[in-house]
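[1] Whatever this is, show me its structure:
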Amino acid sequence: MSQAGLWNLKASSPMVVLMNASSDTKPRTKLKKGSKARQRARMVEAALALAQSNGWRDLSMAEIAAAAGVPLVEALKVTPSKTAIIRAFSQHIDAQVLNEIDDEASDEPARDRLFDVLMSRYDALWPHRPALRAILRDLPGDPGALLSAMSPALESVQWMLEAADLDTSGVRGALRVRAVAVVYAANLRVWLNEESQDMTKTMADLDRRLRRGEALMEQATGISENVSGLLRSSFEALAGLGQR
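    Residues are numbered from 1 along each chain as shown. Predicted structure coming up:
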């Protein structure tokens, strides 16, 4: 299968709501009822700051709400769990990347577009590296939390593929999302240990993994098409059993 056939273009990308977040760790005065987006941003901000200083595993929602100055009843509405906080943070980064997409780069090869999008994501994540290190260090010790965090991670990978103008629909799209998620997860370890913001090691590792992943995706796509054809034939045969 050709590269053009493998990487199908996607013409549109829906917008994601932007949030504002900073790294100030001081406790907040309680917010009155108001903008849910503002309260959500404050919860994310407080969670990242507390994770960096105290770790993620034993951090409670009450502690996060108190540091954010958000009443618990309001915290329940905007971020009912730490997984919801991770998802809100991921969506904030997704939106930041989508907002910086250069439409003029659409004629570049698919792999190059995806490379640029993922590096833009690392740029957006850079100020939050200490908090992310703390979160990722604690997540493996809590299997339930780790499994819950995989959903927002896959959602973000899907948005990054959409940002690179790559199709994520159907069996082929689902395979593509998971393949890129594996590449991103492995490359993230390199990024977390980068010594300078030029991210030379991260770029080299990401380029190598994307090239290898592209070849594997071609193989996986062929397998998925064969399996889909076999399942379709089986269902048609079963449907025809009642016919004379």
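
[2] So which residues of this protein form helices?
    Under the criterion DSSP state H, the chain contains helices at 3-6, 36-54, 61-68, 72-78, 82-99, 110-125, 129-138, 143-163, 170-192, 200-239.

[3] and those helices as TSV, adding mean pLDDT?
    Shown next, in TSV, are these (pLDDT from 0 to 100):
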stretch	mean pLDDT
helix 3-6	38
helix 36-54	96
helix 61-68	98
helix 72-78	96
helix 82-99	96
helix 110-125	95
helix 129-138	95
helix 143-163	92
helix 170-192	93
helix 200-239	66
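
[4] Next, format these as JSON lines and append mean neighbour count.
    Using the backbone N, CA and C atoms, a C-beta is placed for each residue, glycine as well. Putting those into JSON lines (neighbours: other C-beta atoms under 10 Å) gives the following:
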{"stretch": "helix 3-6", "mean neighbour count": "12"}
{"stretch": "helix 36-54", "mean neighbour count": "21"}
{"stretch": "helix 61-68", "mean neighbour count": "20"}
{"stretch": "helix 72-78", "mean neighbour count": "16"}
{"stretch": "helix 82-99", "mean neighbour count": "21"}
{"stretch": "helix 110-125", "mean neighbour count": "20"}
{"stretch": "helix 129-138", "mean neighbour count": "18"}
{"stretch": "helix 143-163", "mean neighbour count": "18"}
{"stretch": "helix 170-192", "mean neighbour count": "17"}
{"stretch": "helix 200-239", "mean neighbour count": "13"}
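
[5] So which residue is smack in the middle of the protein?
    By C-alpha atoms, centre = their mean, the chain has its centre lying nearest to S156, at 2.4 Å.

[6] nearest spatial neighbour of that residue, skipping sequence neighbours?
    Nearest non-adjacent residue to S156, counting by C-beta to C-beta, 6 or more residues apart in numbering: S90, 4.6 Å away.

[7] can you tell me which residues contact that neighbour?
    By C-beta atoms under 8 Å, 6 or more residues apart in numbering, S90 lies in contact with 152-153, 155-156.

[8] got it, and V78?
    Contacts here follow C-beta under 8 Å, 6+ apart; on that basis V78 touches 36, 39-40, 43, 70.

[9] Please apply the same query to L118.
    With contact taken as C-beta under 8 Å, 6+ apart, L118 is in contact with 160, 184, 187, 206.

[10] what's the closest non-adjacent residue to the second one?
    Meaning Y184. In space, Y184 is closest to V157, 6.0 Å off (C-beta to C-beta, 6+ apart).

[11] That neighbour: what's it in contact with?
    Taking C-beta under 8 Å, 6+ apart, we find V157 in contact with 177, 180-181, 184.

[12] what's the answer for I85, then?
    By C-beta under 8 Å, 6+ apart, the contact set of I85 is 43-44, 47, 64, 79.

[13] Verify the contact between D138 and R57 for me.
    Yes: counting by C-beta atoms under 8 Å, D138 touches R57, with 4.0 Å between them.

[14] residues near the nearest residue to L146 once chain neighbours are set aside, how many?
    Closest residue in space to L146, ignoring its immediate chain neighbours: L139 at 4.7 Å, by C-beta to C-beta, 6+ apart. For L139, the count of nearby residues is 18 (other C-beta atoms under 10 Å).
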